[in-house]
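Asks: I would like the atomic coordinates for the input below:
(2 chains)
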Amino acid sequence: MENSIKYTFKDFASDQEVRWCPGCDDYVVLRAMQKALPEMGLKKEDVVFISGIGCSSRFPYYMDSYGFHGIHGRAPGIASGVKIANPNLSVWVMTGDGDSTAIGGNHFIHLLRRNLDINIVLFNNEIYGLTKGQFSPTSLLGQKTKSSPYGNTQAPFNIGQLALGANARFFARIPGNEPKTLTEAFIEAEKFKGTALVEVLQNCVIFNDGCFTKYTDKELRDDAQLVVEHGKPMIFGKDKDKGLMLKGFKLEVVTIGENGITEADVLVHDAEEVDLTLHQMLIKLQYPLVTGVIRRVTEVTFEDLEHQLTSKIKTASPVSSVDELFFSGETYDVK
Amino acid sequence: MISDENNTKEHFARENHKIDTAVIRFVGDSGDGMQLTGTQFSDTAALFGNDVATFPNYPSEIRAPQGSLYGVSGFQVQFGSVEVTTPGDELDLLVAMNPAALKTNLFALKPGGTVIVDTDAFNKKNLEKAKYQNNPLEDDTLNNYRVIKADITALTREGLLDLGLDNKSITRSKNMFTLGMVYFMYNRSLEHSEEFLTKKFKSKPLIAEANIKALRTGYYYAETLELMSSTYVVEPAKMDAGKYRVVMGNDATAWGFMAAAEKAGLELFLGSYPITPATDILHELVKHRHFGIKTFQAEDEIAGIASAIGASFAGSLAITTTSGPGLALKGEAIGLAMIAELPLVIVDVQRGGPSTGLPTKTEQSDLLQAMYGRNGESPVIIVAASTPANCFEFAFEASKLALEHMTPVILLTDGFIANGSAPWKIKSVKDLPEIKHRIVPKGTTEYLAYVRDEDRLARSWALPGTPGLEHRIGGLEKDKVSGCVNQGPENHEYMVNIRAEKVKRVANYIPNIEVEYAQEGDLLVVGWGGTFGNIHAAVKEMNDQGYKVGHAHFNYINPLPKNTAEIFAKYKKIVVCELNLGQLVQLFRSDFQQYEFLQYNKVQGLPFTKSELTQHFKGLL
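Replies: Have a look, this model is predicted:
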């Protein structure tokens, strides 16, 4: 899909006025996507954004590409139909924590399981925004919301854990206040052949303001986040002196230079490891919070399997047209 | 007891009667292979040139406990030298493989009719399971019938002894033994079934041999049997000349879509979730991926239709198939396709409801759900097939309407015609009407998604991948021109009205309804969908008897044909017959308040019978 046309981010901005709340991270994601697309080598007409319902699901209206704003939770189904009907398209599902892990949970896990070459951007703000502030499946225990004024009693999903449970081959977790990191993650998701899930830690300024501040605040993030990169040691901290080691069956934070620990002792991130165990452990860590591309394991896609099968059947088939089929087999003549 | 062919010619008087039609029902345990046996008989009859109609009637359990009353599975076929439009009311021959089968089906056998029973199955255990106090073969239960008792299980076993098969495989061939007997009784050749068995068990030649041997043994056994005092000849029927094949309604539906996709020059996409009795459409389409057909077995009903909507957005002829419970789940998504104005066909193979209801039985109780089962003002086109063979025609027609009018179409069939089979005069794709989809012509540089053509009010279809026509659509109310979000009051009212008007105008593109038999007179019998065969047979019989009765059968439900009111005006009485509590009649009462509508309804999970219809109609005159 090499392309001679050079786009800029403006080519992907539609003429529609963006209507998210002032200060919402969604603006950052939108701009990051508009900047990422010209770098992907795609033709504009081959890009399709599909969404369900929720704040994030307004996204397609703001992109000057093909777009379909569906119904609550069903974007994965619609996207699957688009991709199967026309595998040449670059198909993006824009969704939220409610859309994908509550009403659309079933479709979300099955899309990941099948491994269609579709990209999912999941805006996780741990709250229902568009319905004005009820707890979502990712809201924390005890969290006070409009529908849990005395505290949430429903234990949350961890998006990455859920996704890997459904055999996600590509999972990235990216803070919503980092435009450049988001752009890079979107480009990497597009490059990946298979279902790529990018979870965006998105602040909702109105109903859940500050939900990720302890990880994303500029003062705190170096110590609170471990940004993983494939092939690089898992080192973090303001002074780049902290790292992760495996002790028994648990991950442990260690300080380089203490107790004889050197950089060589720190785990090196292998995003391409097929075994899920370490990726799941990284995903579950609360401190530091692991961000970046945590898993990237290439396996055959659904479309490729379908295509291979069709080619095989086509070669073996004795009939080549619908008419031939109708008139073959057990027919008889009435005179 | 078995003799070989050469010395079976015992000489006793046997009459060979010529008859117009015959009705046979094969009944046994749900594992006895009755569906296969019945299908074999009806295919053989059709290949011989008879008109045929079949009715499989089976329980929802796959292998219900052996010998139980609720585990009985039956297959009924009527075949004739005259027109046959129903599987028949009363049976000429009942084949009962066990006491439970006899107990649950004997009521349908006409007085003096023949019953073939497997005496081996009438043991103490099975009699108890069938709740018989006495053995019906020994008391007066069967006094009014001609009874052919044969120890079928033992005879099959004996006949196949030398093949070295296990007991179970041998016993399982007893249905073929029985079929052989019935073939003899109706002067049929074994050829078709032998070919079928050879092919079916290609990889298991021993099983093929056993089945063929059982078939032949049964045939020769019947020949020796003095009890088989009469045999019957049913000559070929007079049908339009041409090439035919026997089709089941669900297969015909699948083929109609294949023909439509080829005619329209589009890929066919089916997004579906398995549900009885609709799944055979998926089973059929999945075989033909080499024609560019894409089938997607989704994780649930909603994903099934969602994927079809996606495929439609991307330019396929998109279909989703389901039954009543699935239609309920798809409601919101149908509304999405409706407001997005995308072509989509939703097939509802109706079954007994509500809820899970009677999954394997027939009913017509989803009509109002199809009409109104969505939020907001969201009319869709509704068409209904009325015979197994015209499932082809209406699958094609539903596709044509969806693609030419850019709107979802619900195609209603039902368990009775979906599983029933009948001869179909094969239609070549080249003889079918053109389908003019609304994909924007190549080279179009500007696109306003909701600009409409003046006649149909249909918008045009720009597909992802087309340069310069990028646009966004969805479930929010759209601007009447650009398709961008517009929730303004006037715009919304305009859009609601124009979407409704678009569906209404489909009436300009569908045929008028034609009444068969009396064109005016005392009584108009109205039906729709899968009840055609029985109503047709009943009205025909009444006209033969001199009554002035007409039959109007609706295949187009929304919108109705333009001449509907006109035909109502020509009769003194109108009776609307439905397998529900009166759904089409409700639409009539609201649309045509000037007429009085009587109704005749049945909700037993069973089709109408000709005799109950004629009896009711006579009561109205």
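Asks: tally of neighbours for residue 286?
Replies: You didn't say which chain, so I picked chain A. 9 (other C-beta atoms under 10 Å in any protein chain shown). Every C-beta, even on glycine, is put in place using the N, C-alpha and C of the backbone.
Asks: should've been chain B
Replies: Neighbours around B:Val286, by other C-beta under 10 Å: 16.
Asks: and it, backbone torsions?
Replies: phi -60, psi -20 (degrees, to the nearest 10).
Asks: I'd say it and B:Thr295 touch.
Replies: Yes - with contact defined as C-beta atoms under 8 Å, B:Val286 reaches B:Thr295; the gap is 4.6 Å.
Asks: so what's B:Asn491 up against?
Replies: Neighbouring residues of B:Asn491 by C-beta atoms under 8 Å, 6 or more residues apart in numbering or on different chains: B:477, B:479-480.
Asks: okay, and it sits in which element?
Replies: Assessed by DSSP states H and E, B:Asn491 sits inside helix B:489-504.
Asks: hmm, A:Phe9 is touching A:Arg31, no?
Replies: Yes - the pair A:Phe9 / A:Arg31 is scored as a contact, 7.1 Å apart, by C-beta under 8 Å.
Asks: outside of the longest helix seen in chain A itself, list whatever touches it.
Replies: When chain A is parsed with DSSP state H, its longest helix is helix A:302-316. Applying C-beta under 8 Å, 6+ apart, the external contacts of helix A:302-316 come out as A:83-84, A:87, A:114-117, B:289-290, B:294.
Asks: ok, now stretch B:142-160?
Replies: Against stretch B:142-160 from outside (C-beta under 8 Å, 6+ apart): B:1-2, B:97, B:106, B:109, B:111-121, B:136-137, B:167, B:170-171, B:173-174, B:177-178, B:181, B:210, B:213-214, B:217-218, B:221, B:225, B:227-229.
Asks: can you report how many residues lie near residue 266?
Replies: Because you didn't say which chain, this covers chain A. A:Val266: 19 neighbours (other C-beta under 10 Å).
Asks: you looked at the wrong chain, it should be chain B
Replies: 23.
Asks: now do the SS call for it.
Replies: Under DSSP: H, G, I helix; E, B strand; the rest coil, B:Leu266 falls in the coil class.
Asks: can you show me the strands along chain A?
Replies: Assigned by DSSP state E, the strands in chain A fall at A:47-51, A:66-69, A:90-96, A:118-124, A:170-175, A:196-201, A:225-228, A:235-236, A:242-247, A:250-255, A:289-296, A:331-334.
Asks: make JSON lines out of those and add mean pLDDT and mean neighbour count.
Replies: Converted to JSON lines, these look like this (pLDDT from 0 to 100; neighbours: other C-beta atoms under 10 Å in any protein chain shown):
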{"stretch": "strand A:47-51", "mean pLDDT": "98", "mean neighbour count": "28"}
{"stretch": "strand A:66-69", "mean pLDDT": "98", "mean neighbour count": "27"}
{"stretch": "strand A:90-96", "mean pLDDT": "98", "mean neighbour count": "29"}
{"stretch": "strand A:118-124", "mean pLDDT": "98", "mean neighbour count": "27"}
{"stretch": "strand A:170-175", "mean pLDDT": "98", "mean neighbour count": "26"}
{"stretch": "strand A:196-201", "mean pLDDT": "98", "mean neighbour count": "26"}
{"stretch": "strand A:225-228", "mean pLDDT": "98", "mean neighbour count": "24"}
{"stretch": "strand A:235-236", "mean pLDDT": "98", "mean neighbour count": "21"}
{"stretch": "strand A:242-247", "mean pLDDT": "96", "mean neighbour count": "17"}
{"stretch": "strand A:250-255", "mean pLDDT": "97", "mean neighbour count": "14"}
{"stretch": "strand A:289-296", "mean pLDDT": "98", "mean neighbour count": "23"}
{"stretch": "strand A:331-334", "mean pLDDT": "92", "mean neighbour count": "14"}
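Asks: how about B:Asp544, what does it touch?
Replies: By C-beta under 8 Å, 6+ apart, B:Asp544 has no neighbours at all.
Asks: for the chain, which spans come out with low pLDDT?
Replies: Since you didn't name a chain, this refers to chain A. Of all residues in chain A, those with pLDDT under 70 make up the ranges A:1-4.
Asks: that's the other chain; I wanted chain B
Replies: Along chain B, segments meeting pLDDT under 70 span B:1-12.
Asks: domain parsing of it, as residue ranges.
Replies: Split into domains by automatic domain parsing, chain B comes to B:5-233, B:245-431, B:515-620.
Asks: name the stretch among those domains that sits most buried.
Replies: domain B:245-431 (a mean of 24; mean count of other C-beta atoms under 10 Å in any protein chain shown).
Asks: need the contact list for residue 137.
Replies: Went with chain A since none was named. A:97-98, A:101-102, A:105, A:154, A:156-157.
Asks: other chain: chain B
Replies: Taking C-beta under 8 Å, 6+ apart, we find B:Leu137 in contact with B:117, B:119, B:122, B:147, B:149.
Asks: and for the residue in the stretch 151-300 of chain A positioned nearest to chain B, the neighbour number?
Replies: Chain B sits closest to A:Ala166 of the stretch 151-300 of chain A, with a gap of 11.0 Å, by C-beta to the nearest C-beta. A:Ala166: 16 surrounding residues under other C-beta under 10 Å.
Asks: isn't it up against A:His107?
Replies: No - taking contacts as C-beta under 8 Å, A:Ala166 lies outside contact range of A:His107: 10.8 Å.
Asks: which strand residues bridge the residue lying closest to B:Ser316 once chain neighbours are set aside?
Replies: In space, and not counting its chain neighbours, B:Ser316 is closest to B:Phe269: 3.9 Å by C-beta to C-beta, 6 or more residues apart in numbering or on different chains. Residues in a beta bridge with B:Phe269, per DSSP bridges, are B:Lys294, B:Ala318.
Asks: from A:Leu244, how far off is B:Phe269?
Replies: 47 Å (C-beta to C-beta, to the nearest Å).
Asks: how about A:Val254?
Replies: 7 Å.
Asks: with B:Gly28 instead?
Replies: Going from B:Gly28 to A:Leu244 by C-beta to C-beta gives 67 Å.
Asks: OK, contacts around the closest residue to B:Ala254 other than its chain neighbours?
Replies: Excluding its sequence neighbours, the residue lying closest to B:Ala254 (C-beta to C-beta, 6+ apart) is B:Glu284, at 3.8 Å. B:Glu284 makes contact with B:250-251, B:254-255, according to C-beta under 8 Å, 6+ apart.
Asks: one more: A:Phe326?
Replies: Counting by C-beta under 8 Å, 6+ apart, A:Phe326 touches B:245, B:255, B:259, B:426-429.
Asks: if we can go back for a sec, can you list residues touching both of A:Val254 and A:Leu244?
Replies: The contact lists of A:Val254 and A:Leu244 share A:Val266, where a contact means C-beta under 8 Å, 6+ apart.
Asks: just to revisit the earlier point, neighbour-wise, which of the contacts of helix A:302-316 leads?
Replies: Result: A:Lys83 is most packed of the contacts of helix A:302-316 (other C-beta under 10 Å), 28 neighbours.
Asks: angle of the longest helix of chain A against strand A:118-124?
Replies: Here the directions of helix A:302-316 and strand A:118-124 differ by 160 degrees (axes from the mean of the first three to the mean of the last three C-alpha atoms, to 10 degrees).
Asks: buried sites along helix A:302-316?
Replies: Residues A:302-304, A:306, A:310 are the ones in helix A:302-316 that count as buried (16 or more other C-beta atoms under 10 Å in any protein chain shown).
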